[in-house]
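Peer 1: Sequence and predicted structure are below.
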Amino acid sequence: MGNKEQRSNKWAFIFYKDSSPADYLRVLDELHVPYILSPWHDQDVNNDTGEIKKAHKHGAFFFESLKSYSQVSNLVNGYLNAPKHVEIVLSPKGMYDYFVHAENTDKTPYQIEDIECGCGFELDKFLMEHNTNEFIENVIDVIEENDFVEFDDLVKYARNNDCMLLKLIVDKTFFFTKLLDSRRYSLRRKLLNKETQEKNDT
């Protein structure tokens, strides 16, 4: 089956700053299709010429039903004045990495905060699914910086400060309870050692 006859509910596209509507977010919102857009890629270098490429965004639609190449191509070309070439998203993780150049240290990194989305696309859920390691490191930092040893304290912190971290803690409860148990055990052992040392000194 040729690419143009293939159907998928996840399609990627690209559009350029100098030719797309200034109110592209409003245009996309009016389509009522969940979407995610990369930050503006305005520092990409053409390897052949060494020149900065035209500022552009990579995007993806997440349709509720299967769509054909031509349906999506006509959509992005008609509404965003985007190139007609579209591609099936085979790996949402790979797409996310490409959005911010996470896996390519040779390219200019872009900020997660500059990712845009709409029409019900769950960015928090998407980022956590495809960037779990970074969020786990963030939670470990929170535990260490606040000297938490109780799971309840960690949950209260996340609930008050970061709902994304709260979701991750719920998903990885076993890991974080074990980490906190270990910290609590280690703290008790240090206190016992200190008390023993003080007794020996007197």
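Peer 2: Structure's in. What do you need?

Peer 1: Mind giving me the packing neighbours of the worst-scoring helix or strand of the chain on mean pLDDT?
Peer 2: Lowest on mean pLDDT, DSSP states H and E among the helices and strands of the chain sits helix 123-130, with a mean of 73. Using 3 or more C-beta pairs under 8 Å, 6 or more residues apart in numbering; DSSP states H and E, the elements in contact with helix 123-130 are helix 92-100, helix 163-171. The C-beta positions use only the backbone N, C-alpha and C, and glycine is treated the same way.

Peer 1: where exactly do the strands run in this protein?
Peer 2: Counting by DSSP state E, the chain has these strands, from start to end: 7-16, 35-37, 56-68, 87-88, 116-118.

Peer 1: most packed of those?
Peer 2: Among those, strand 35-37 has the highest mean neighbour count (mean count of other C-beta atoms under 10 Å), at a mean of 22.

Peer 1: and the residue lying closest to Cys119 once chain neighbours are set aside, what is it in contact with?
Peer 2: Once flanking residues are discounted, Cys119 sits nearest to Pro34: 4.7 Å by C-beta to C-beta, 6 or more residues apart in numbering. Residues near Pro34 by C-beta atoms under 8 Å, 6 or more residues apart in numbering: 61-63, 117-121.

Peer 1: I'd like the distance between Pro34 and Lys93.
Peer 2: Pro34 is 17 Å from Lys93, where distance means C-beta to C-beta, to the nearest Å.

Peer 1: and what of Gln6?
Peer 2: Gln6 is 21 Å from Lys93, by C-beta to C-beta.

Peer 1: Right, I'll leave it there.
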